[in-house]
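Peer 1: sequence unavailable; structure follows:
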């Protein structure tokens, strides 16, 4: 596998988390009340991205291949929970 093929595979692996992270951060600004102690947009997107990549990596380890629907469901649930917690949605 050449370097470009490896880079392409890695970018395709993290693409769902990379798209979902800023979308959730933007949706939280629109739907949730802004709290004084909540982190900014880029911090929320970074937390969502890190959690999303971790979930996708765990799904790859558990199922032995990338792209299983259960991994994507877990990605949405975990990233939504992280976004809710980082935006202090319980208040």
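Peer 2: Arrived safely. Worth saying up front: this structure is predicted, and the values here are computed from it rather than measured. Numbering: from 1, shown residues only.

Peer 1: quick one, helices of this structure?
Peer 2: 3-31, 41-63, 69-86 (DSSP state H).

Peer 1: need these in TSV (columns: mean neighbour count and mean pLDDT).
Peer 2: Any C-beta I mention is one placed from the backbone N, CA and C, and that applies to glycine too. Compiled in TSV, those are given as follows (neighbours: other C-beta atoms under 10 Å; pLDDT from 0 to 100):
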stretch	mean neighbour count	mean pLDDT
helix 3-31	14	92
helix 41-63	17	95
helix 69-86	16	93
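
Peer 1: what about residue 81, distance to residue 90?
Peer 2: Distance of residue 81 to residue 90, given as C-beta to C-beta, to the nearest Å: 11 Å.

Peer 1: nope, residue 64 is what I was after
Peer 2: Counting by C-beta to C-beta - residue 64 and residue 90 are separated by 37 Å.

Peer 1: tell me the contacts of residue 18?
Peer 2: Contact partners of residue 18, counting by C-beta atoms under 8 Å, 6 or more residues apart in numbering, are 49, 52.

Peer 1: no no, residue 45
Peer 2: Residue 45 sits next to 21, 22, 24, 25 when contact means C-beta under 8 Å, 6+ apart.

Peer 1: skip the chain neighbours and tell me the closest residue to the spatially most central residue of the chain.
Peer 2: Centroid-nearest residue in the chain, with C-alpha atoms, centre = their mean: residue 52, separated by 3.2 Å. Once flanking residues are discounted, residue 52 sits nearest to residue 17: 2.8 Å by C-beta to C-beta, 6 or more residues apart in numbering.

Peer 1: which residues touch the one you found?
Peer 2: Counting by C-beta under 8 Å, 6+ apart, residue 17 makes contact with 48, 49, 51, 52, 53, 55, 56, 75, 79.

Peer 1: next one: the closest residue to residue 51 other than its chain neighbours from residue 59, what distance?
Peer 2: Among residues not flanking residue 51 along the chain, residue 82 sits closest, at 4.5 Å (C-beta to C-beta, 6+ apart). The spacing between residue 82 and residue 59, counted by C-beta to C-beta, is 16 Å.
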